[in-house]
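fold the following and give me the result.
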Amino acid sequence: QVQLVESGGGLVQAGGSLRLSCAASRGTFSSYAMGWFRQAPGKEREFVAAIRWNGYSTSYANSVKGRFTISRDNAKNTVYLQMNSLKPEDTAVYYCVADNVYSRVVGIPDYWGQGTQVTVSS
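The predicted structure follows:
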């Protein structure tokens, strides 16, 4: 069973950038579709972005499209989320997720990391 550990969260001003990383262990990383979810205070978790095992296809929530980019390095067992033009409404705990089935990564993935806090100040 894959284990996921996020890093790279922090405090940034509106308009700034952050890059989140998620290191995977205990599993064949290249066999998993990967993604990111987030949960803001008082709100439900929501899908942010996903990437297929080979990196050839990605999906994004409309709220982040054009500002966030998901990528992966299978040699390093790591997936990234580059976040640009950050807004206060992007403030949330960001979770790395994985699943063997791409459609489940977008919906209800099997594996979750512990999360990393991203705070965007206005």
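
distance check, the residue nearest the centre of the chain against Asn77.
The residue lying closest to the centre of the chain (Cα atoms, centre = their mean) is Trp36, at 2.5 Å. Applying Cβ to Cβ, to the nearest Å, the value for Trp36 to Asn77 is 16 Å. Just so you know, the C-beta spots here come from the backbone N, C-alpha and C atoms, and that holds for glycine as well.

next one: Leu20
15 Å.

those two: which is more packed in?
Leu20 (23 against 18; other Cβ atoms under 10 Å).

in the lowest-mean-pLDDT helix or strand in the chain, what counts as buried?
Across the helices and strands of the chain, mean pLDDT, DSSP states H and E gives its lowest value to helix 102-106, namely a mean of 92. Neighbour counts using 16 or more other Cβ atoms under 10 Å place 102, 104-106 of helix 102-106 among the buried residues.

is it possible to export those residues to a markdown table including distance to Ser59?
Output for the buried residues of helix 102-106, formatted as a markdown table (distance: Cβ to Cβ, whole Å):
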| residue | distance to Ser59 |
| --- | --- |
| Tyr102 | 9 |
| Arg104 | 12 |
| Val105 | 8 |
| Val106 | 6 |
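
re earlier: now the residue nearest to the centre of the chain: closest residue in space that isn't a chain neighbour?
Val48 (4.2 Å; Cβ to Cβ, 6 or more residues apart in numbering).

what sits against that neighbour?
Residues in contact with Val48 (Cβ atoms under 8 Å, 6 or more residues apart in numbering) are 35-38, 60-61, 64, 68, 81, 94.

could you list which of those belong to strands?
35-38, 60, 68, 81, 94 (DSSP state E).

and those residues, which two are the farthest apart?
Farthest-apart pair in the ones in strands among the contacts of Val48 is Tyr60 and Tyr94; separation 13.9 Å (Cβ to Cβ).

higher neighbour count, the two?
A direct count of neighbours by other Cβ under 10 Å for Tyr60 and Tyr94 places Tyr94 higher, at 23 against 18.

next, count neighbours for Val101.
Look at Val101: counted by other Cβ under 10 Å, it has 12 neighbours.
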